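A.B. asks: with the input below, show me the fold.
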Amino acid sequence: TPEPAVPQTAHSCVEALNQAEQYLVDVIIGDTRDPAEYLDGFPSAPVWAKKAWRALRAMQDYAELKSDGSFDGNFLQYCRDCPTSGHTIPAQWVAMRESEQTDNNPVYRHARVFPVPAEVDPDEEIYMCAHIKLEAGSSPAPRIHFYDDTAGETGALHVGYFGEHLPTGQTN
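C.D. replies: Take a look at the predicted model:
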């Protein structure tokens, strides 16, 4: 029986997460269905879903290159330099860190701590400052927060959150 074809797009944010779980072995999706479902209530949800699916596929291709030793940089460098004909997203969508204000504010920082397997962190949670910006501007300004463990035990990218922009000093 042939492998099912990987879908070319997603029509809802939740569908993008479901497809990632089904087809992307190096992208681990955390408990983020509720925030993604909230996004699906907006008129722009189909656009965000397409962008999210594109980003998740780029994460998978990046992880595969890291795994076989073909690429040594981080996800932002991959998107900037894309060493293959694999999936990618514009580098300006990717932020590998948060602002100093967000990093140093306990409330904002805690909002970006998400569960991960013990192989990633013994506390089974980690600060995910790296994120993908699916839309700039006003709320909900969807984000995908992730942790890159491609050089670690799991060899995967862990998505901890896909939802509206998390709180910052500029949004609150």
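
A.B. asks: right, and the helix or strand after the longest helix along the chain?
C.D. replies: Longest helix in the chain, counting residues (DSSP state H): helix 45-67. In the C-terminal direction, the helix or strand that comes right after helix 45-67 (DSSP states H and E) is helix 75-81.

A.B. asks: quick one: strands adjacent to the helix or strand just after that next one?
C.D. replies: Next along the chain after helix 75-81, taking DSSP H and E as the criterion, comes strand 94-95. Using DSSP bridges, the strands paired with strand 94-95 are strand 130-133 (antiparallel).

A.B. asks: pLDDT on the next helix-or-strand element following the partner strand, on average?
C.D. replies: Tracing the chain C-terminally past strand 130-133 and defining elements by DSSP H and E, one meets strand 143-148 next. Across strand 143-148, pLDDT averages out at 98.

A.B. asks: let's number from 46 now, not from 1
C.D. replies: In the new numbering, first residue 46, that becomes strand 188-193.

A.B. asks: strand 188-193 to helix 90-112, inter-axis angle?
C.D. replies: Relative orientation of strand 188-193 versus helix 90-112 (axes from the mean of the first three to the mean of the last three CA atoms, to 10 degrees): 10 degrees.

A.B. asks: not counting strand 188-193 itself, show me its contacts.
C.D. replies: Under the criterion CB atoms under 8 Å, 6 or more residues apart in numbering, residues 97, 100-101, 104, 119-120, 157, 159, 161, 165, 171, 173-179, 202-211 lie in contact with strand 188-193. Glycine gets a C-beta too; all of them are placed from N, C-alpha and C.

A.B. asks: do stretch 168-179 as well
C.D. replies: 93, 96-97, 100, 120, 134, 137-143, 147-148, 154, 157-163, 165, 186-193, 203, 205-206.

A.B. asks: what do you get if the cut-off is 6 Å, keeping everything else the same?
C.D. replies: With CB atoms under 6 Å, 6 or more residues apart in numbering as the test, stretch 168-179 has contacts from 93, 96, 100, 138-143, 157-161, 163, 187-192, 205.

A.B. asks: so how many other residues sit close to Ser57?
C.D. replies: Using other CB atoms under 10 Å, Ser57 has 17 other residues around it.

A.B. asks: pass me the low-pLDDT residue ranges in the protein, would you?
C.D. replies: 46-49, 215-217 (pLDDT under 70).

A.B. asks: now do 50
C.D. replies: Residue ranges of the chain with pLDDT under 50: 217.
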